[in-house]
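K.L.:
Pasting the sequence and the predicted model now:
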Amino acid sequence: MPDTVSPHGDTLIIDMVRRFSEERLAPLAAEREKQKRIEPEIIAELGELGVFGATTPAEWDGSEIDPVTYALLLEEIAAGDGSISTMVSVHNSPTCIVVNNFGTDAQKDRWLRKLATGEHVGSFGLTEPQAGSDASNLKTRAVKKGDRYVVNGSKQFISNAAHPGSLVFFAVTDPAAGKKGLSAFIIDKTHPGFSVARVEEKLGQKASDTCALSFDDMEVPEDQRIGAEGEGYKIALSTLESGRIGIAAQSVGMARAALDYAVGYARERKAFGSSIIDFQAVGFRLAEAKTRLEAARQLTLYAARLKAEGRPSLEAACMAKLFASEAAEAVCTASIQTLGGYGFLADYPVERIYRDVRVCQIYEGTSDVQKLILQRML
Ligand SMILES: CC(C)(COP(=O)(O)OP(=O)(O)OC[C@H]1O[C@@H](n2cnc3c(N)ncnc32)[C@H](O)[C@@H]1OP(=O)(O)O)[C@@H](O)C(=O)NCCC(=O)NCCSC(=O)CCS(=O)O
């Protein structure tokens, strides 16, 4: 990471990603939703741009950028296609961050290099059917047998799992130890005993796969455990902290795309003899939406800047995710309202973005989880 971090991020990188997003992501976002897939060519191009290595140091073949630039990069990608922003976000942080911050050099050599170049798409397997917000309530069991663990259990709501690559996951190694009985592991998604049980149907972000996973007598060598036995929960919670800044940035990007469309529409659309943007009801609504959007962006960049400076950022990360994800829904609602009946039609992007942005209030910790953490910090 550079020694000094500009509050505006690295503009060369952001301009490059913005161009890519405008030219390669946004034009096909609706089609991607219909096809429910992200084209392998786009994944390869994102890899070439260094986007999959954005949180990984050069030493491990990454293209590490500072957290402010990373947040702005995610905003740009999300403005083009929310589904792709989720792929990039989950891949980098929390997934790559776990390997980078807690992996051994041998693990980094074997896994992080491939993740950083995009050869592997990363997934983060914490959530289980009975363990969402209550994240320590895992049932997936890893039983030590000699120099390996035998893993049985399931995971729920795991992004990117249908894409070739690697999976960081968490399992119970000591049921008697509660939160200190969880451990982290990494596998290839081709690992025997691992399978994608289901790719979920969902409201939005349909091009991004959300999967249920199954582990059936899956043997994992001890050297694929990340960190010490019992450290898994701390590893998970600490990496979710930076992941949440990423979700806030995604929220800002998607909402920006909806608002830009609505402003353009309001300028063009005529009613009662003038552009509807000149009517106070419309203009005030859009002005308020833009204000909320900017507040969300500034809170997100503030959290990212604290992270860049190595200062405590948990509170700001939770505030950013809470505020930005909820503001984004409000901004998308205002955008739909501006288009009237057209805003409700699938022919117009605001309809899709409204559905895409909704999950930002849920994944990587619901709004209520953010409030719970913030309440504890009062
Ligand atoms: C709701 C929760 C916040 C509750 O947390 P707990 O009360 O169970 O946790 P604690 O006892 O406070 O902490 C346990 C342990 O971890 C240390 N810790 C906590 N936070 C941090 C941090 N930010 N950095 C470093 N260390 C941290 C804490 O000090 C404790 O250690 P000691 O015991 O003191 O040594 C929590 O359960 C929660 O956040 N729930 C939401 C989970 C969530 O976001 N899930 C989504 C996962 S994403 C997924 O699986 C799919 C990804 S995807 O594909 O989109």
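P.N.:
Received, thanks.

K.L.:
the helices in the protein, which residues?
P.N.:
Using DSSP state H, the helices of the chain run over residues 11-20, 29-35, 40-49, 67-80, 82-90, 97-102, 105-107, 113-117, 232-268, 280-308, 314-339, 349-357, 367-376.

K.L.:
give me the residue from the stretch 251-378 of the chain nearest the ligand.
P.N.:
Going by C-beta to the nearest ligand atom, the ligand is nearest to residue 365 of the stretch 251-378 of the chain, at 3.3 Å. For glycine as for every other residue, the C-beta is placed from the backbone atoms N, C-alpha and C.

K.L.:
what's near enough to touch that residue?
P.N.:
Going by C-beta atoms under 8 Å, 6 or more residues apart in numbering, residue 365 touches 133, 240, 244, 318, 321, 373.

K.L.:
what are the phi and psi angles of it?
P.N.:
Main-chain torsions, residue 365, degrees, to the nearest 10: phi 100, psi 110.

K.L.:
Next, count neighbours for residue 130.
P.N.:
For residue 130, the count of nearby residues is 11 (other C-beta atoms under 10 Å).

K.L.:
Could you tell me the per-residue confidence at it?
P.N.:
Looking at residue 130, its pLDDT stands at 97.

K.L.:
any chance of the helices of the chain in JSON lines, plus mean neighbour count, mean pLDDT and distance to the ligand?
P.N.:
JSON lines is the format used below for these (neighbours: other C-beta atoms under 10 Å; pLDDT from 0 to 100; distance: least, C-beta to the nearest ligand atom, whole Å):
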{"stretch": "helix 11-20", "mean neighbour count": "16", "mean pLDDT": "97", "distance to the ligand": "21"}
{"stretch": "helix 29-35", "mean neighbour count": "16", "mean pLDDT": "98", "distance to the ligand": "18"}
{"stretch": "helix 40-49", "mean neighbour count": "16", "mean pLDDT": "97", "distance to the ligand": "16"}
{"stretch": "helix 67-80", "mean neighbour count": "28", "mean pLDDT": "98", "distance to the ligand": "14"}
{"stretch": "helix 82-90", "mean neighbour count": "28", "mean pLDDT": "98", "distance to the ligand": "5"}
{"stretch": "helix 97-102", "mean neighbour count": "22", "mean pLDDT": "98", "distance to the ligand": "10"}
{"stretch": "helix 105-107", "mean neighbour count": "12", "mean pLDDT": "98", "distance to the ligand": "20"}
{"stretch": "helix 113-117", "mean neighbour count": "23", "mean pLDDT": "98", "distance to the ligand": "14"}
{"stretch": "helix 232-268", "mean neighbour count": "25", "mean pLDDT": "97", "distance to the ligand": "3"}
{"stretch": "helix 280-308", "mean neighbour count": "19", "mean pLDDT": "98", "distance to the ligand": "11"}
{"stretch": "helix 314-339", "mean neighbour count": "24", "mean pLDDT": "98", "distance to the ligand": "5"}
{"stretch": "helix 349-357", "mean neighbour count": "24", "mean pLDDT": "98", "distance to the ligand": "14"}
{"stretch": "helix 367-376", "mean neighbour count": "15", "mean pLDDT": "98", "distance to the ligand": "4"}
